[in-house]
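# With the input below, show me the fold.
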Amino acid sequence: RRLLERLGGRPLVLRTLDIGGDKPLPSLELPHEANPFLGLRGLRLCLARPELLRPQLRAAIRAAAAGPLSIMLPMVSRAAEVTAARAMLEVEAQSLDLPAPPLGIMVETPAAALALDTMPVDFASIGSNDLTQYVMAAARDGSGAVADLADPLDPAVLRLIGLVVEQARARDLPLSLCGDMASDRAGLEGLLDLGLTRLSVAPAALG
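Numbers count the residues shown, from 1 in each chain. Purely as a prediction, here's the structure:
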């Protein structure tokens, strides 16, 4: 609520709990997984443990009374996951007798990118770091023997982002991109060429 008040009517996008993979949370014990980047993280974790998601949704619904707030779900692979989260959001909104904020997703997995047209969402944001990682099968941290493969300008990544743009345009769906890609001049030019017009840039790279 304080953030919304400081923004003075400008929009705020709130991502639900996004942990797992390279984002552990010391206060929450997660099961050991051989490959946590392909495991229980983001929305998958929140749906598996709804007691984590419900308080977030209720807080967001209440805060939205102070300004234009939207909720964004991370690590989505299937439309059914969004449907489950939306149903939970509607239940909590009804119990609070308040409107449900718009609901969107991070497009981070190839599955979400290929099937954005099936997702019951109000908006979407491409997560270029994770999407590149999963498309190229190379860790997003840019280290190790295959670091050169984690290239967001690879034709495979650019073609997939282009497909996401086409699907969003066909639905008149607001689409943005976050991640390091838009902070790089070559990446920025590539994204503009693909038709993306809403980009998130690290403050240090704005100049």
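# okay, CA-based contacts and neighbour counts for the rest of this
OK.
# Remind me which helix or strand the closest residue to residue 107 other than its chain neighbours belongs to.
Once flanking residues are discounted, residue 107 sits nearest to residue 126: 4.5 Å by C-alpha to C-alpha, 6 or more residues apart in numbering. Element membership of residue 126, judged by DSSP states H and E, is strand 123-127.
# partner residues bridging the residue nearest to the spatial centre of the chain?
The centroid of the chain falls nearest to residue 106 when counting by C-alpha atoms, centre = their mean (2.0 Å). Here residue 106 sits in beta bridges with residue 125, going by DSSP bridges.
# Is it in contact with residue 74, as I believe?
Yes. When contacts are counted by C-alpha atoms under 8 Å, residue 106 is listed as touching residue 74 (5.0 Å).
# now stretch 10-25: mean pLDDT?
When pLDDT is averaged over stretch 10-25, the result is 84.
# Ok, stretch 51-67 next?
Stretch 51-67 comes out at a mean pLDDT of 96.
# who's in contact with it?
With contact meaning C-alpha atoms under 8 Å, 6 or more residues apart in numbering, stretch 51-67 is reached by 1, 4-5, 8-11, 14, 16-17, 46-47, 69-71, 88-89, 92-93, 96, 98-101.
# what's the burial count for residue 32?
9 (other C-alpha atoms under 10 Å).
# name the element it belongs to?
Using DSSP H and E, no helix or strand contains residue 32.
# same thing with residue 13?
strand 12-15.
# Show the subsequent helix or strand relative to that strand.
Next along from strand 12-15, by DSSP H and E: helix 43-48.
# can you pull the buried residues of that next one?
Neighbour-count burial for helix 43-48 flags 43-47 (criterion: 16 or more other C-alpha atoms under 10 Å).
# try stretch 48-58
Buried residues in stretch 48-58 (16+ other C-alpha under 10 Å): 53-54, 56-58.
# likewise stretch 79-96?
By 16+ other C-alpha under 10 Å, the buried positions in stretch 79-96 come out as 79, 81-82, 85-86, 88-93.
# Need the pLDDT of the residue of the chain positioned farthest from its centre.
Note on the chain: the largest C-alpha distance from the chain mean falls to residue 145, namely 27.8 Å (C-alpha atoms, centre = their mean). Looking at residue 145, its pLDDT is 84.
# repeat for residue 179
86.
# So it sits against residue 133, correct?
No. At 11.7 Å, residue 179 does not count as touching residue 133 under the criterion of C-alpha under 8 Å.
# Just want to know which of the two has more residues nearby.
Counted by other C-alpha under 10 Å, residue 179 and residue 133 do not tie: residue 133 has more neighbours, with 23 against 17.
# re earlier: so which of the buried residues of stretch 48-58 sit within helices?
Using DSSP state H, the members of the buried residues of stretch 48-58 that fall in helices are 53-54, 56-58.
# Adding distance to residue 166, write those out as a markdown table.
Formatted as a markdown table, those follow (distance: C-alpha to C-alpha, whole Å):
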| residue | distance to residue 166 |
| --- | --- |
| 53 | 31 |
| 54 | 33 |
| 56 | 32 |
| 57 | 30 |
| 58 | 33 |
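# can you tell me which of those lies nearest to residue 111?
Closest approach between those and residue 111, by C-alpha to C-alpha: residue 53, at 22.6 Å.
# Helices of this protein, start to end?
2-7, 43-48, 50-63, 79-96, 110-114, 128-136, 155-171, 185-194.
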